[in-house]
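In: Fold the following.
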Amino acid sequence: MKITIAMDSFKGSLSSIDAGKAVEAGIRRVYPHAEIFIRPLADGGEGTAYALTTGMGGEWITMKATGPLGKPVSCSYGIIRNSQTAIIEMSAAAGITLIPEAERNPLRTTTYGVGEMIADAIGRGCRKLIVGIGGSATNEGGIGMLQALGFGFLTKEGKQVPFGAKGLSVLDRITNDNVIPELAECSFKIACDVTNPLCGEQGCSAVYGPQKGADPTMIKQMDKWLFDYASVSRKTYPNANSNHPGTGAAGGLGFAFLTFTNAVLASGITIVLDETHLSNNIMDSDLVITGEGRLDGQTVMGKAPIGVAKLAKKYGKPVIAFCGCATKDASACNTAGIDAFFPILREVVPEDEAMKPETAAANMSDTVEQAFRLLRTFIP
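Out: Numbers count the residues shown, from 1 in each chain. Presented below is the predicted three-dimensional model:
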């Protein structure tokens with residue numbers, strides 16, 4: 001029997017690969033000689049860089065970068081050497097969780113550190129970059145990132161504009177004379193699961209500004225500044241399109257990537273499935289196993305297990321999912337490609353006990369074992 005395992009992480013408990021290993025342990029109690037492939041899985045959000053890097057035999061790079069408020073932070077990203085690929089999460093250097101709630105202010109927050117991470121990866125030979133842009137603390141259109149890469153975002157006096165959205169208020173022109181030369185050799189895949197434009201009622205300022213600390217006055221100001229920024233950008237980059245779906249992602253970072261770099265926006269799970277070449281394993285398997293910490297009605301809205309299930313169904317493969325818990329509306333997963341799912345919680349225990357990695361792994365293996373004992377009655 002050939003089995004492909006692609007488990008999303010159980011946040012706060014098991015990584016993608018650890019969850020996969022726990023599934024494998026349960027299977028081998030029943031089918032000790034099964035041919036099993038464990039593949040990393042993530043949906044482009046938090047943990048994607050770690051999942052892909054560890055699951056694809058990469059290395060983890062730790063560096064100092066400029067944090068969202070301009071102070072140094074320690075951040076990490078992954079490198080897959082054999083494909084010259086860097087896997088970066090913008091939240092590592094410009095994430096909202098890096099700032100106490102009382103200090104959140106998008107007029108001040110910058111993506112400069114994201115550009116430093118990209119520059120560091122380029123300096124290490126990477127020419128293909130995968131960037132997850134969820135969880136940002138910023139609303140400055142990605143100008144900080146671009147400044148770190150050598151672009152000039154200049155005032156009328158010819159000085160670089162200050163960090164944060166307030167920098168857009170004094171932007172007069174954009175130059176690219178000092179951009180690091182290797183950037184032209186780079187391609188970017190941007191994990192983006194939102195479709196907001198840069199400006200307007202559905203733009204980044206109006207929709208995401210409040211959670212980043214913006215009040216109504218700031219939202220109105222930032223939206224105008226971003227509109228003007230797009231206009232200035234078009235003077236040098238005529239194809240700049242602030243209405244393109246996803247340009248409003250991460251406070252306009254989507255716009256920056258599409259306008260100033262060789263980038264494409266795609267759903268996180270699409271990028272992960274493509275980069276891990278999961279289809280190669282699935283097409284040669286008899287059974288596919290996936291899962292995540294919680295299966296519910298939202299799982300069918302582009303979450304990682306459904307991405308796996310849809311891919312498996314292209315090749316006519318049965319799909320079983322295991323999860324920490326399942327809500328009543330998780331039955332929607334059955335019509336979206338998951339043939340059966342099984343929660344792994346085996347007794348009523350406090351949440352902190354259930355979340356312990358050793359407890360979760362044991363529950364996973366034990367539940368998988370029972371499911372496969374049933375399967376063995378049909379497939380000896």
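In: what are the phi and psi values for A86?
Out: phi -110, psi 140 (degrees, to the nearest 10).
In: tell me the secondary structure for the residue nearest to the spatial centre of the chain?
Out: Relative to the mean C-alpha position of the chain, the nearest C-alpha, by CA atoms, centre = their mean, is the one of G44, at 2.4 Å. Classification of G44 using DSSP: H, G, I helix; E, B strand; the rest coil returns coil.
In: For it, list the residues it contacts.
Out: By CB atoms under 8 Å, 6 or more residues apart in numbering, the contact list for G44 reads G132, G134, A191, C192, D193, S267, G268, I269, I271, V272. The way it works is simple: take the backbone N, C-alpha and C, and place the C-beta from them, glycine included.
In: most surrounded residue in these?
Out: Neighbour tally across the contacts of G44 (other CB atoms under 10 Å): the maximum, 31 neighbours, falls on V272.
In: rewinding a little: tell me which of the contacts of G44 fall in strands.
Out: G132, A191 (DSSP state E).
In: which residues in the stretch 101-250 of the chain form helices?
Out: 112-123, 143-148, 204-208, 216-236 (DSSP state H, counting those that start in this stretch).
In: My understanding was that G78 contacts E89; is that so?
Out: No. Counting by CB atoms under 8 Å, E89 is not a contact partner of G78; they are 9.3 Å apart.
In: ok, the two, which is more surrounded?
Out: The residue with more neighbours, out of G78 and E89 and counting by other CB under 10 Å, is E89; that gives 28 against 24.
In: hey, what's that one bridged with?
Out: G132 (DSSP bridges).
In: Contacts only, for L273.
Out: S279, G307, V308, L311 are the contacts of L273 under CB under 8 Å, 6+ apart.
In: and with 6 Å instead?
Out: Listed by CB atoms under 6 Å, 6 or more residues apart in numbering, the contact set of L273 reads G307, L311.
In: Now do it against K224, distance only.
Out: 39 Å (CB to CB, to the nearest Å).
In: can you give me the strands in the stretch 251-380 of the chain?
Out: 263-266, 287-295, 319-326, 340-343 (DSSP state E, counting those that start in this stretch).
In: Redo the ones you listed as a markdown table? Include mean pLDDT.
Out: Formatted as a markdown table, the strands of the stretch 251-380 of the chain follow (pLDDT from 0 to 100):
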| stretch | mean pLDDT |
| --- | --- |
| strand 263-266 | 97 |
| strand 287-295 | 96 |
| strand 319-326 | 97 |
| strand 340-343 | 97 |
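In: Can you list the buried residues in stretch 247-266?
Out: Using 16 or more other CB atoms under 10 Å as the test for burial, stretch 247-266 gives 247-261, 263, 265-266.
In: What of stretch 166-177?
Out: K166, G167, L168, S169, L171, I174.
In: same thing with stretch 179-187?
Out: Under 16+ other CB under 10 Å, the buried positions of stretch 179-187 are V179, I180, L183, C186.
In: any idea of the pLDDT on the first one?
Out: In other words, V179. Looking at V179, its pLDDT stands at 98.
In: I'd say it and G150 touch.
Out: Yes. Proximity of V179 to G150 meets the contact threshold set by CB atoms under 6 Å, at 4.0 Å.
In: got the contact list for I190?
Out: Taking CB under 6 Å, 6+ apart, one finds V131, I133, F257, A263, L265 in contact with I190.
In: Same check on I306?
Out: Contacts of I306 by CB under 6 Å, 6+ apart are T299, V300, A336.
In: Among those residues, which ones are in helices?
Out: Per DSSP state H, helices hold no members of the contacts of I306.
In: Between the residues you listed, which sits nearest E103?
Out: Comparing the contacts of I306 against E103 with CB to CB places T299 closest, at 34.1 Å.
In: State the number of residues packed around that closest one.
Out: As a burial measure, T299 scores 27 neighbours (other CB under 10 Å).
In: repeat for R346
Out: 13.
In: State the distance from the closest residue in space to A25 that isn't next to it in sequence to L374.
Out: Excluding its sequence neighbours, the residue lying closest to A25 (CB to CB, 6 or more residues apart in numbering) is S365, at 4.3 Å. According to CB to CB, S365 and L374 sit 15 Å apart.
In: Looking at the two, which has the bigger crowd around it?
Out: Counted by other CB under 10 Å, S365 and L374 do not tie: S365 has more neighbours, with 19 against 10.
In: what's near enough to touch the more buried one?
Out: A22, A25, G26.
In: quick one: buried residues of stretch 335-344?
Out: Under 16+ other CB under 10 Å, the buried positions of stretch 335-344 are A336, G337, I338, D339, F341, F342, P343, I344.
In: neighbouring contacts of it?
Out: 295, 300, 306, 309-310, 313, 318-323, 325-326, 333, 363-364, 367, 371.
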